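A.B. asks: Fold the stuff below for me.
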Amino acid sequence: MIIAEYSETNLEEITDLFHRTVHAIDPSIYSEKQKEAWAPKPPDYLAWDQRLRCVKTYMACDNGNIVGFMSIGSPGYIDYFFVDPDYQGKGIGKILYYHIERFAQDRYTKKLIVEASKVARPFFERMGFILISENQVIVNGQTLTNYTMKKER
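C.D. replies: Now for the predicted structure:
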């Protein structure tokens, strides 16, 4: 497993991984309508390019394929965290998280914040984050639940 910094040449692969991951979520967690609102078809590559230019993104690569990514903005806000459905449960999220945590520590960031999805919340709890609030967010006309969480050193 190699951790690499995102570059524009990875835009389509990252965006497609995001889209594939969201649409693989069990419909008992987020409905098909909620997933389509979160990750509309077809993916908007231009919007993703603009988003990824505003954060520091690291990718987990296995045999030349991107299998996960995590982004951090300032100050210590974890913005994106997605692992390919075929690679979930194999420790890739931890590898990415520890890389992001070291990146934040190197910049003397004492607090990390995330707005975790229902799927990601247990992961962040295992990483030592505590729940601050449950949020109802309107995305493309659909209400999605996420959780503001933080970790302080």
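A.B. asks: contacting residues around the lengthiest helix in the chain?
C.D. replies: For the chain, the longest helix by residue count, based on DSSP state H, is helix 92-106. The contact list for helix 92-106, computed with Cβ atoms under 8 Å, 6 or more residues apart in numbering, reads 1, 3, 56, 58, 60, 67-70, 72, 76, 78, 81, 83, 112, 123, 127, 153. For the C-beta atoms, the positions are set from N, CA and C on the backbone; glycine is no exception.
A.B. asks: Mind checking which of these land in helices?
C.D. replies: Phe123.
A.B. asks: List buried residues within the contacts of helix 92-106.
C.D. replies: 3, 56, 58, 60, 67-70, 72, 76, 78, 81, 83, 112, 123, 127 (16 or more other Cβ atoms under 10 Å).
A.B. asks: in the longest helix of the chain, what counts as buried?
C.D. replies: In helix 92-106, counting by 16+ other Cβ under 10 Å, buried: Ile92, Gly93, Ile95, Leu96, Tyr97, Ile100, Glu101, Phe103, Ala104.
A.B. asks: average pLDDT across it?
C.D. replies: Mean pLDDT, helix 92-106: 94.
A.B. asks: Would you mark the buried spots in stretch 41-52?
C.D. replies: Those would be Pro43, Trp48, Arg51, Leu52, for stretch 41-52 by 16+ other Cβ under 10 Å.
A.B. asks: Nothing else from me, thank you.
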